[in-house]
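Peer 1: sequence first, then the predicted structure:
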Amino acid sequence: MCDLTALSLSLSFFLNADQETLVTNHSVFKLVAEVLLSSTPILSSVCGDEGLGNVVKLAASDTRLIVTRLAVGERHRREKMSNEEKRELLNGDNIRLNVVKAILNTYSMHPKNYVTLECRYHLLSSCIACLPSFDSIDLKIMVLKVLEVVCVMFRDVEPMEALECVATTFATCIGEILNLLTAWHDRYLNLVRVV
């Protein structure tokens, strides 16, 4: 994982820009993207060893569907984790929260920041796809706040990829809920037949 001290120094330099500023230092945002990818196991597993070099895969809707399904599956796996493992996950959520705050600040500075950086790194879409796996409510709210800024604040921006990812994530979560309800219903019917 990237050095968090270097990240915080870079972000403080990066985010002290004027409110109406285009991002010109993409190398700093590349560092932000690396931290998000390395702190999110689901994204790391999809991107593989290539990391950001393979992030183009995240632009494909079928890949985002896979990420969302992994995120929903991750929720079930966490129910069996030890307390120490859960503390590590919360630490990861704190790191991701800081990264998503940086994304929010960057995207809200100028509409072209969203267009340029999201096309290159697909971070908002990736965060939305992983939303079911995040434990922190603050992190979930911050991801949705970024989506709100992009959809409402800028008139000339069409966040189709992000909205498509919202629909995919929602449909996947609803499908998982229906599967759980169906399984519960089947067990209930079997129990009633036995009695």
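Peer 2: It's in. Numbers count the residues shown, from 1 in each chain.

Peer 1: average pLDDT across stretch 108-119?
Peer 2: Averaged across stretch 108-119, pLDDT comes to 85.

Peer 1: which residues are contacting that stretch?
Peer 2: 17-23, 26, 29, 106-107, 123-125, 149-150, 153-154, 156-157, 159, 161-162 (Cβ atoms under 8 Å, 6 or more residues apart in numbering). (Each C-beta comes from the backbone N, C-alpha and C, glycine too.)

Peer 1: what about 7 Å?
Peer 2: Identification of contacts with stretch 108-119 by Cβ atoms under 7 Å, 6 or more residues apart in numbering yields 17, 19-23, 29, 106-107, 124, 149-150, 153-154, 156-157.

Peer 1: so which of the residues you listed sit within helices?
Peer 2: 29, 106-107, 124 (DSSP state H).

Peer 1: reformat those as TSV; add neighbour count and distance to residue 71.
Peer 2: Below are these laid out as TSV (neighbours: other Cβ atoms under 10 Å; distance: Cβ to Cβ, whole Å):
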residue	neighbour count	distance to residue 71
29	22	23
106	23	24
107	26	22
124	24	15
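
Peer 1: give me the nearest residue to the residue positioned nearest the centre of the chain, chain neighbours excluded.
Peer 2: Residue closest to the average C-alpha location in the chain (Cα atoms, centre = their mean): residue 127, at 1.2 Å. Excluding its sequence neighbours, the residue lying closest to residue 127 (Cβ to Cβ, 6 or more residues apart in numbering) is residue 143, at 4.6 Å.

Peer 1: so how far is residue 86 from residue 106?
Peer 2: 30 Å (Cβ to Cβ, to the nearest Å).

Peer 1: swap in residue 135?
Peer 2: Using Cβ to Cβ, we find residue 135 at a distance of 8 Å from residue 86.

Peer 1: equivalent analysis for residue 101, please.
Peer 2: Remark: distance between residue 101 and residue 86 (Cβ to Cβ) = 23 Å.

Peer 1: from the chain's centre, how far out does the top helix by length along the chain sit?
Peer 2: Taking DSSP H as the criterion, the chain has its longest helix at helix 160-194. Mean C-alpha position of helix 160-194 versus that of the full chain (Cα atoms, centre = their mean, to the nearest Å) differs by 21 Å.

Peer 1: also stretch 94-104?
Peer 2: 10 Å.

Peer 1: could you shift the numbering so residue one becomes 43, and keep it that way?
Peer 2: Yes, from this point I'll number from 43; that puts the last item at stretch 136-146.
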